[in-house]
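A.B. asks: Quick one, what's the 3D model for this:
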Amino acid sequence: MVRRQNIGKEELIRQAAIHVFARHGFHNTQVEEIAREAGVAVGTIYNYFPSKEEILLSIFEADFEARIGSYQQLRNSNLPIPAQIRALLEEHFLLATDRGDLAQVSVRERFYPGKRFKERIHKFHREMVQRIEALINEGVAQGWVRPCNPRIIAHALIGIVESVTAGALLYPAQEADQIRKEAPAELVDLLWNGLKQEEASA
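C.D. replies: From the prediction side, this is the model:
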C-alpha cells in the first residue's frame, strides 16, 4: 500500500495506480485494485478521475510537468550547453532509478491506443522536442554545436534516452541500476562527439 505522506487524495491515487500498473499492466488492472492500494473507496477515485484512462493520462502529465519544471530550472542556471545536456541526462536516469515503477509504466503504457490518450501524449512529446530544439539552437548560436537540423537531433536524443531507459528494464535490478548510473556519461560522449563543433570543447 502507498505510504500516506502529506499528499492529497489525487496524488495518493496516482501513486497507487503507478504501483499497480507496474505490477499488472494497465489493461489487467481493475479500479478496485487501485482503490485497495491507495486505501480509499472506489467512489473516491471516481471523484478525481472519471476513468482508468484518465488516471494513466494524469500519471504521464504529472511526470511531464515535473520534467518541464526541472528543465526550466536548468535553463535558468546559465550553465554551458554541454553541461546542461549532461544534467538533463543525469536527472532523467536518476529519476528512472528512484522511481522504477513510474519508469516501467512510462515505457510500457505510452502506446495505449485510445485516440484522446494519443493526442495528449503526442502534445507532451512535441513540447519536449521543442524545448530540446531550443537548447540545440542555442548551442549552435553559441558555437558549441555544429550546424544541424535541431528538430531531428532533438527527436534522436529523446529516442536514444527512451531506448536506454526501456533497455535497462530488461535486466535484474542491480544490472539495470548500473546501466542507468553509467548512461549519462556514455550518452554525453556519444552525442557530443556527433554534435560538437571541431573547435568547441566541453
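A.B. asks: Okay, domains of the protein per the record?
C.D. replies: 1-50, 53-195 (automatic domain parsing).
A.B. asks: Rebuild the ones you listed as JSON lines, extending it with mean neighbour count and mean pLDDT.
C.D. replies: Glycine gets a C-beta too; all of them are placed from N, C-alpha and C. Formatted as JSON lines, those follow (neighbours: other C-beta atoms under 10 Å; pLDDT from 0 to 100):
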{"stretch": "domain 1-50", "mean neighbour count": "16", "mean pLDDT": "90"}
{"stretch": "domain 53-195", "mean neighbour count": "16", "mean pLDDT": "90"}
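A.B. asks: Could you tell me which residues make contact with the residue nearest to residue 170 when sequence neighbours are not counted?
C.D. replies: Leaving aside its sequence neighbours, residue 170 sits nearest to residue 176 (C-beta to C-beta, 6 or more residues apart in numbering; 7.9 Å). Under the criterion of C-beta atoms under 8 Å, 6 or more residues apart in numbering, the contact list for residue 176 reads 100, 168-170.
A.B. asks: how about 10 Å then?
C.D. replies: Applying C-beta atoms under 10 Å, 6 or more residues apart in numbering, we find residue 176 in contact with 96-97, 100, 103, 165, 167-170.
A.B. asks: just how off-centre is stretch 92-105 within its chain?
C.D. replies: 8 Å (C-alpha atoms, centre = their mean, to the nearest Å).
A.B. asks: List the contacts of stretch 147-158.
C.D. replies: For stretch 147-158, contacts defined as C-beta under 10 Å, 6+ apart pick out 85, 88-89, 92, 125, 128-140, 145-146, 187, 191, 194-195, 197.
A.B. asks: And for stretch 69-81?
C.D. replies: Contacts for stretch 69-81 (C-beta under 10 Å, 6+ apart): 83-88, 91-92, 95, 128, 131-132, 134-136, 138-145, 192, 195-196, 200-202.
A.B. asks: 7 Å instead?
C.D. replies: With contact meaning C-beta atoms under 7 Å, 6 or more residues apart in numbering, stretch 69-81 is reached by 84, 87-88, 91, 131, 135, 138-139, 142, 144-145.
A.B. asks: what's the first-to-last distance across that stretch?
C.D. replies: Criterion C-alpha to C-alpha, to the nearest Å; first-to-last residue distance in stretch 69-81 is 18 Å.
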